[in-house]
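Student: Provided below are the primary sequence and the corresponding predicted coordinates.
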Amino acid sequence: MRKVAPAQMLSLLLAFFFAALSPGAAQSQSSADEQSLWKLERSYWDYVQANDLTSYRALWHKDFIGWPAVSAAPVNKEHITDWITSQTSQGRTFKTVEFKPASLHVNGDVAVTYYRVTYKWMNRDGDAATITIRVTHTLLRDGKDWHIIGGMSMPENESPQR
């Protein structure tokens, strides 16, 4: 094995350091963030389907405020599961039909996701209407984890007024 001179070692370390600061390194982190965020968004719907309210609540930042399509007014974390329990208390079960990412933007410790999700609440006979909504979430990084701090959704079949 060949020995490396101290000057060569310093050059190698500096090259490694500057490579870590290059756009490629930032892009790699961004790609890892994007994968984590889409995984979190998919988990959101898996938790609803499993009726795992504890894991579902853990996705939300303590200071969350958002306006879900099913609510007449914005809600905070305390009421984030109301839309689920209002259905399960009537014996309905949730089924995700399709999850369709549209866009994602990460800026440091803040991220915004945009996607469509199609789902249904099935009654005891298995009957259900299929619903598609557009979802926007703003997420805040807390250490290694991301938490939803803001959001809004609306039915797909409603188009904005001009």
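Tutor: Arrived safely, thanks for sending.
Student: Now the lengthiest helix in the chain: buried residues?
Tutor: Identified as the longest helix of the chain according to DSSP state H is helix 23-50. Of the residues in helix 23-50, S30, D33, E34, S36, L37, L40, E41, Y44, W45, Y47, V48 count as buried by neighbour count, 16 or more other C-beta atoms under 10 Å. (C-beta placed from N, C-alpha, C; glycine too.)
Student: do stretch 145-152 as well
Tutor: Buried residues in stretch 145-152, counted by 16+ other C-beta under 10 Å: W146, H147, I148, I149, G150, G151.
Student: Give me the distance between the two termini of stretch 69-86.
Tutor: 14 Å (C-alpha to C-alpha, to the nearest Å).
Student: What lies in contact with that stretch?
Tutor: Stretch 69-86 is contacted by residues 48, 51, 53, 56-57, 60-68, 94, 133, 153-155 when judged by C-beta atoms under 8 Å, 6 or more residues apart in numbering.
Student: The buried residues of stretch 145-152 into a markdown table, with extra columns for secondary structure?
Tutor: Formatted as a markdown table, those follow (DSSP: H, G, I helix; E, B strand; the rest coil):
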| residue | secondary structure |
| --- | --- |
| W146 | strand |
| H147 | strand |
| I148 | strand |
| I149 | strand |
| G150 | strand |
| G151 | strand |
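Student: and which of those residues is nearest to Q90?
Tutor: For the buried residues of stretch 145-152, the residue nearest Q90 by C-beta to C-beta is G151; the value is 24.5 Å.
Student: so how many other residues sit close to the residue nearest to the closest one when sequence neighbours are not counted?
Tutor: Sequence neighbours aside, G66 is the residue nearest to G151 in space, at 3.7 Å (criterion: C-beta to C-beta, 6 or more residues apart in numbering). By other C-beta atoms under 10 Å, 21 other residues sit near G66.
Student: Local confidence estimate at D82?
Tutor: On pLDDT, D82 comes in at 95.
Student: residues near it, how many?
Tutor: Residues near D82, counting by other C-beta under 10 Å, number 13.
Student: any idea how far L40 is from it?
Tutor: According to C-beta to C-beta, to the nearest Å, D82 stands 21 Å off from L40.
Student: ok, and the closest non-adjacent residue to V106?
Tutor: Excluding the flanking residues, the one nearest V106 by C-beta to C-beta, 6+ apart is D33, at 4.8 Å.
Student: what pLDDT does the one you found get?
Tutor: At D33, pLDDT is 93.
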